[in-house]
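**Q** sequence and computational prediction follow.
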2 protein chains.
Amino acid sequence: MYAIGIDVGGTSIKWGLVSKDGKVLATDFIQSRKDEDQNLVADKLVYKIDEFLKQQGVERKEIIGIGIGSPGTIDSKEGEVIYTNNLDWQHFPLAKILENRLGLTTKITNDANAATLGEVKFGAGKKYKNVIMLTLGTGVGGGIVIDGKLIEGNKGGGAELGHAVINFESDILCTCGRYGCLEVYASATALIRQTKQAMEANRDSKLWDVVDHDITKVNGKTVWDGYDLNDKTAIEVVNNYIHYLGIGILNYCNIFRPEALILSGGIAKQGDRLVNLLTDYCEKNHYGYGGSAPVKILIAELGYESGIIGAASLVL
Amino acid sequence: MYAIGIDVGGTSIKWGLVSKDGKVLATDFIQSRKDEDQNLVADKLVYKIDEFLKQQGVERKEIIGIGIGSPGTIDSKEGEVIYTNNLDWQHFPLAKILENRLGLTTKITNDANAATLGEVKFGAGKKYKNVIMLTLGTGVGGGIVIDGKLIEGNKGGGAELGHAVINFESDILCTCGRYGCLEVYASATALIRQTKQAMEANRDSKLWDVVDHDITKVNGKTVWDGYDLNDKTAIEVVNNYIHYLGIGILNYCNIFRPEALILSGGIAKQGDRLVNLLTDYCEKNHYGYGGSAPVKILIAELGYESGIIGAASLVL
């Protein structure tokens, strides 16, 4: 028995045949474009997935179901993408359409939720049933799994873990319209901004060498390279970033007290040293407040297939 | 069929016979003291509850079970109070003891959790299955109900909704050890501090008349009395308080996107006007961010029996 996991992205929609133990056996994709009619996308997907299954020699009865991870606000109960900015879909009942036309049970959730469930079922969180995931990329995404199940909120409007204010005195405007959200301090975008600001203020920093004296080359890795060079400015930027992210993590420890908190996204590529710095921060800052159990901080494991595996995990 | 709800407090342990529809039919209590041996407390409770049932003419087979709401950190799976500061209990398996000695299924949780579940089953939240409660008292307590079930966190260490930092630039130290938690801005204690500070800075405020020019008389209601007198200082204190509490509420909207958020505790006595001010604040500040459903803000309804009803709701 297999599942199909569909990972909707801004430039392509990828899918894979996934085994019951979360292994991706074959994949295919179609291009996605913002200006394409959503019903046409559904038609194309139905046709292409049907072809894919034939090519793979897999019969309908061998498929447990289809899982879809999509950006945007998703009403998983109705099987509908309420709205996604990336693809201009609105009230698009994608899961319902695939279910009816392919004759396969189909579930859909937000891509961050799907990735979280995938990590809990098959990745870094597989020893645990209660896990929070923070995705540190362009923004800060989130996923909540309690007792092995996703917590999505009313009409998929929850788990927006990047959009909690951690500094109401902040003058940094978030994409959500409020000031001082976790996202404006802990995303990769934020770390790049913090790195650039520190470089402007410290002309003698080795960070300038890291980017060949071209500040436009600063990315989410730059400051860590400077950190490796023992550059004072880089160390200060990293320490501040750990403080910001640590505040968010401790908030979610107190709110959920999960068994584990998984980090994914670009910044999570820093792996063990990120985990060590954060664990150290949390231990010094009331991690196990009131005698509560500390929370294991982990790095996501599923890598570039996490979207497909996460989507498939909705039906596995 | 009935349930027994036990409400553990710092000065007394109250219990009640509760009907299946959440009505308290009879109550009794014992004194509680911090210096009393916890095993003696258990003995006393077993004896007194047995007597109580005899007096009420209720047989064991008519009792569905016992629910206990206790302050402190509770391991509900183990039926144990891990630690409570109010009563100096440590690793006290109170639920297990009552279950074994009275022969009745017994469940235990934190008192804030119990009160939340009570409101969802029998009070302000009975139309909903996904509810957050914030208790605005000496501190800020919290409860989380998703799909009709309590989310307690690992070993009961979650739902500490007052202990999320909303202003990391704050110099106000919280009881949890961190600075700038929701609790230091939105508790009754915080509102009293904010009121006093504003009075000190505004000697002509009518708030001075409200307390007969004795600042030690300021309580959580004072500023609302000044607000009724259209006092400029009082209005400013209230508006700031709504801003602080509103930030916390919007954070929990984005994190959980519940159907309803219930307010309880001393400040919630302000009822409709508190709800109206907060709803207005949320509507102006990205309440339904990203097209998400707004969250109904409600006032708790169960009043002084909420502890007993909430505890009973664990088994009802």
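**A** The structure has been received and is ready for your questions.
**Q** where do the helices sit along the stretch 101-250 of chain A?
**A** If DSSP state H, counting those that start in this stretch is used as the criterion, the helices of the stretch 101-250 of chain A fall at A:111-122, A:183-186, A:188-201, A:207-210, A:222-228, A:232-256.
**Q** the fifth one packs against which elements?
**A** What that stands for is helix A:222-228. Applying 3 or more CB pairs under 8 Å, 6 or more residues apart in numbering or on different chains; DSSP states H and E, one finds that helix A:222-228 makes contact with helix A:188-201, helix A:207-210, helix A:232-256. Just so you know, the C-beta spots here come from the backbone N, C-alpha and C atoms, and that holds for glycine as well.
**Q** chain B is nearest to which of the ones you listed?
**A** When those are ranked by proximity to chain B, the top entry is helix A:232-256, at 4.0 Å, counting by CB to the nearest CB.
**Q** beyond that closest one, next helix or strand please.
**A** Past helix A:232-256, heading to the C-terminal end, the next element that is a helix or strand (DSSP states H and E) is strand A:260-264.
**Q** can you put the helices of the stretch 101-250 of chain A in TSV and add mean neighbour count and mean pLDDT?
**A** Supplementary listing: those in TSV, determined by neighbours: other CB atoms under 10 Å in any protein chain shown; pLDDT from 0 to 100:
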stretch	mean neighbour count	mean pLDDT
helix A:111-122	28	97
helix A:183-186	27	98
helix A:188-201	19	98
helix A:207-210	19	98
helix A:222-228	21	98
helix A:232-256	22	98
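**Q** with distance to residue A:133 added, can I get the ones you listed in TSV?
**A** Shown next, in TSV, are the helices of the stretch 101-250 of chain A (distance: least, CB to CB, whole Å):
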stretch	distance to residue A:133
helix A:111-122	4
helix A:183-186	13
helix A:188-201	16
helix A:207-210	29
helix A:222-228	21
helix A:232-256	10
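**Q** what count of nearby residues applies to residue A:177?
**A** For residue A:177, the tally of surrounding residues (other CB atoms under 10 Å in any protein chain shown) stands at 12.
**Q** what's the pLDDT at the closest residue to it other than its chain neighbours?
**A** The shortest distance from residue A:177 to any residue that is not its chain neighbour, by CB to CB, 6 or more residues apart in numbering or on different chains, is 4.1 Å, and that residue is residue B:286. Reading off the per-residue confidence, residue B:286 sits at a pLDDT of 87.
**Q** what sits against residue B:286?
**A** Shown in contact with residue B:286 (CB atoms under 8 Å, 6 or more residues apart in numbering or on different chains): A:176, A:177, A:178, B:250.
**Q** distance check, the third one against chain B.
**A** It refers to residue A:178. From residue A:178 over to chain B the distance is 6 Å, taken as CB to the nearest CB, to the nearest Å.
**Q** wait, that residue touches residue B:250, no?
**A** Yes - the pair residue A:178 / residue B:250 is scored as a contact, 7.0 Å apart, by CB atoms under 8 Å.
**Q** give me the common contacts of these two.
**A** Listed contacts common to residue A:178 and residue B:250 are A:165, B:285, B:286; contacts here mean CB under 8 Å, 6+ apart.
**Q** pick the one among those closest to residue B:171.
**A** Proximity of those to residue B:171 (CB to CB) peaks at residue A:165, which lies at 17.7 Å.
**Q** report how many residues lie close to residue A:56.
**A** Residue A:56, neighbours per other CB under 10 Å, totals 14.
**Q** what sits against it?
**A** When contacts are counted by CB under 8 Å, 6+ apart, residue A:56 touches A:17, A:25, A:26.
**Q** out of these, flag the one nearest to chain B.
**A** Ranking the contacts of residue A:56 by separation from chain B, with CB to the nearest CB as the measure, puts residue A:17 on top at 31.5 Å.
**Q** now do the closest one against residue B:102, distance only.
**A** Using CB to CB, to the nearest Å, we find residue A:17 at a distance of 55 Å from residue B:102.
**Q** which one in chain A is furthest away from the centre?
**A** Among the C-alpha atoms of chain A, the one farthest from their average position, using CA atoms, centre = their mean, is that of residue A:204, at 35.6 Å.
**Q** domain ranges for chain A?
**A** Using automatic domain parsing, the domains assigned to chain A come out as A:2-122+A:305-312, A:131-300.
**Q** end-to-end on the last one?
**A** By CA to CA, to the nearest Å, the extent of domain A:131-300 from end to end equals 12 Å.
**Q** next one: stretch A:152-172
**A** Rule used - CA to CA; the end-to-end distance of stretch A:152-172 is 27 Å.
**Q** now swap in stretch A:20-37 and tell me
**A** From its first residue to its last, stretch A:20-37 covers 34 Å (CA to CA).
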